[in-house]
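> Provided below are the primary sequence and the corresponding predicted coordinates.
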Amino acid sequence: MNTLVPTLADLFPDAVTADAPFTVEIGRDFDTAAMPELAARRVLDLFDGIRPHPMGAAMARRGEWVLILPPRSGHDMPWPWPVDHCDHGVLAVPPLSSGPADGLHWARRGNGQGRVFTAPLPLHAALPLLASLRPVPQTARFDRTPVRI
């Protein structure tokens, strides 16, 4: 495997020949950053003019995207909403032949250079720009009448 700039085939060789999702251990070769699909698409748009594009491969599942990050990229870094960073456990990986009709499929197979990893620092820096997408808590007070205390 090319450790400097791995491709999907380098990182997930079974994805090339698999006909069903398979599991891979998170942590040794990669970390993940799961986020709502809308937030991931906004980040994708924010990075649109940057070359090489900082966002690498992403899997789509149940309304969220899972981005592939370099291993240990989240070490001692707090990941704010909307990212759920993971550096251990297992990840279900779709075959490369999967498509949008499948529940788990590749939303992106890497950037224009085929890089599978998303650059963690630009991703982290872009997250505050997504604050407008954050769901309003159910207990939010919509009545704007002044309150006396």
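Cool, the structure landed.

> ok, residue 54 touching residue 111?
Yes. Shown here, residue 54 and residue 111 form a contact pair, counting by C-beta atoms under 8 Å, at 7.5 Å. The C-beta positions use only the backbone N, C-alpha and C, and glycine is treated the same way.

> so residue 33, which state does it fall into?
Of the three states, residue 33 takes strand under DSSP: H, G, I helix; E, B strand; the rest coil.

> give the contact list for it.
Listed by C-beta atoms under 8 Å, 6 or more residues apart in numbering, the contact partners of residue 33 are 66, 67, 69, 74, 79, 83, 84, 85, 86, 118, 120, 123.

> cool, and residue 72?
Neighbours of residue 72 in contact, by C-beta under 8 Å, 6+ apart: 31, 87.

> for residue 61, see how far away it is.
24 Å (C-beta to C-beta, to the nearest Å).

> contacting residues around the longest helix anywhere in the chain?
Using DSSP state H, we find that the single longest helix of the chain is helix 37-46. With C-beta under 8 Å, 6+ apart as the contact definition, helix 37-46 has outside contacts at 35, 55, 58, 60, 63-65, 67, 82, 107-108, 123, 126-127, 129-130, 133.

> run the last query once more with 6 Å
55, 63, 64, 65, 82, 126, 130, 133 (C-beta atoms under 6 Å, 6 or more residues apart in numbering).

> pull out the buried residues from those residues.
For the contacts of helix 37-46, a burial check counting by 16 or more other C-beta atoms under 10 Å picks out 55, 64, 65, 82, 126, 130.

> residues touching the fifth one, list them.
Contacts here follow C-beta under 6 Å, 6+ apart; on that basis residue 126 touches 43, 46.

> could you measure from it over to residue 118?
Taken as C-beta to C-beta, the span from residue 126 to residue 118 is 11 Å.

> repeat that for the last one.
Applying C-beta to C-beta, one obtains 15 Å for the distance of residue 130 from residue 118.

> quick one, helices of this protein?
Going by DSSP H, the chain shows helices at 8-11, 14-17, 37-46, 120-126.

> picking that back up, just put the contacts of helix 37-46 in JSON lines and tack on pLDDT and distance to residue 42.
Compiled in JSON lines, the contacts of helix 37-46 are given as follows (pLDDT from 0 to 100; distance: C-beta to C-beta, whole Å):
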{"residue": "55", "pLDDT": "92", "distance to residue 42": "11"}
{"residue": "63", "pLDDT": "92", "distance to residue 42": "14"}
{"residue": "64", "pLDDT": "95", "distance to residue 42": "13"}
{"residue": "65", "pLDDT": "96", "distance to residue 42": "11"}
{"residue": "82", "pLDDT": "89", "distance to residue 42": "10"}
{"residue": "126", "pLDDT": "89", "distance to residue 42": "8"}
{"residue": "130", "pLDDT": "80", "distance to residue 42": "6"}
{"residue": "133", "pLDDT": "62", "distance to residue 42": "7"}
